[in-house]
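# the amino acid sequence is not available; the structure is as follows:
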């Protein structure tokens, strides 16, 4: 696969190629625990300085002993940091790496019957080990991406993404640059590592037993020998900034139970909370900002107060605020909320 590329508006990122070549790596064969994966890949791929080797997490996991004889459902809890959404037997979870994936990335394809393969424990470390092995064994300065297949919210189908990286910056930030109309870019940051992972998958394919590909022509993206960059962990969004940390149904249930604050993102502002609580009070509470807190003094019939109180408590939880313990000075019928975090 060969693609050509010219200058990008607002300036070209480091290493923008005039030609990008994607070469599949064939002949790897079946990999088992303890195999020298770097040696196998070095024999099958003609690596040059400035190349980017893209390798599937499946083959990395096999070499690292992450194959299990068990059903996916039996292993899911151990790979789950928290559940994001579920429908029937399908569970979307946040893994211990911070990745949000169906079934925690546990995969039963391209492995022996009745076995499944878990994601690498530390994909960035796996990528670094491969990069260092190529430097020692071949004397080549090669960047490495470890990839896996993931779905996308709002879109059908899947694409490969980078879950481990070494030897390149995974994001290219255009902040502060101007477009051709003079508009300053502020939040444009292409996930270069994910784009490379998807490009490599076009030549690796899923059924062709080619677990790796070499991308050539992007020398400018590859860091100097000994430098690994931030890793693919830099692509994982901070939970405090995640606007989609829970599915729609799961967010409602979690707010009603108020058993786990994660998934709702950071605390909203005092003004935002004030507006929402006032709308939910339905004339049965006076809501105001009181220093760092937001308070609601209940009024009206007791039954109406109870309903308004439950609505406001649920909304405050979902918006990242928690009810403060009674301090003895507020009196009865008073709710006081404080932000759950900074």
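It's in. In this text the structure is predicted, and so the values were computed from the model without any measurement.

# quickly run through the sheet partners of the longest strand along the chain, with directions.
For the chain, the longest strand by residue count, based on DSSP state E, is strand 155-166. Based on DSSP bridges, the strands next to strand 155-166 in the sheet, each with its direction, are strand 143-152 (antiparallel).

# wait, residue 21 sits on residue 215?
Yes: with contact defined as C-beta atoms under 8 Å, residue 21 and residue 215 form a contacting pair (7.3 Å). To be clear about C-beta, it is placed using only N, CA and C from the backbone, and glycine gets the same treatment.

# please name the nearest non-neighbouring residue to the most far-flung residue of the chain relative to its centre.
The outermost residue of the chain relative to its centre, with distances by C-alpha atoms, centre = their mean, is residue 301 at 47.5 Å. Leaving aside its chain neighbours, residue 301 sits nearest to residue 284 (8.0 Å; criterion: C-beta to C-beta, 6 or more residues apart in numbering).

# for stretch 82-95, give me every contacting residue.
Residues external to stretch 82-95 that are found in contact with it (C-beta atoms under 8 Å, 6 or more residues apart in numbering): 73, 76, 79-81, 100-105, 119, 245-247, 249-250, 260, 262-263.

# and residue 161, what pLDDT?
According to the per-residue confidence, residue 161 scores 97 in pLDDT.

# list the contacts of it.
Contact partners of residue 161, counting by C-beta under 8 Å, 6+ apart, are 147-150, 191, 193-194, 197-198, 235.

# now do 7 Å
For residue 161, the contact set (C-beta atoms under 7 Å, 6 or more residues apart in numbering) comprises 147-148, 150, 194, 197.

# so between residue 21 and residue 215, which is more surrounded?
Set residue 21 next to residue 215 and count neighbours by other C-beta atoms under 10 Å: residue 215 wins out with 24 against 15.

# A strand includes the more buried one, no?
Yes: counting by DSSP: H, G, I helix; E, B strand; the rest coil, residue 215 is part of a strand.

# my guess is it meets residue 22, correct?
Yes: using C-beta atoms under 7 Å, residue 215 and residue 22 qualify as a contacting pair, with a distance of 5.7 Å.

# identify the contacts common to these two.
Between them, residue 215 and residue 22 share these contacting residues under C-beta under 7 Å, 6+ apart: 199-200.

# low-confidence ranges, this protein, go.
The model of the chain has pLDDT under 70 over residues 1-18, 207, 326-332, 342.

# domains in it, by residue range?
Structural domains assigned to the chain are 2-66+120-236, 67-111, 248-339, following automatic domain parsing.

# phi and psi next, for the nearest residue to residue 169 once chain neighbours are set aside.
The spatially closest residue to residue 169, leaving aside those adjacent along the chain, is residue 229, at 5.2 Å (C-beta to C-beta, 6+ apart). Backbone dihedrals for residue 229, given as degrees, to the nearest 10, come out at phi 80, psi -180.

# pull the number of nearby residues for residue 229.
As a burial measure, the neighbour count of residue 229 was computed by other C-beta under 10 Å and equals 22.

# and what of the one 3 residues further on?
Here the number of neighbours of residue 232 (other C-beta under 10 Å) works out to 27.

# where do the strands sit along the stretch 51-200 of the chain?
Taking DSSP state E, counting those that start in this stretch as the criterion, the stretch 51-200 of the chain contains strands spanning 52-56, 67-68, 80-87, 90-95, 100-102, 116-117, 143-152, 155-166.
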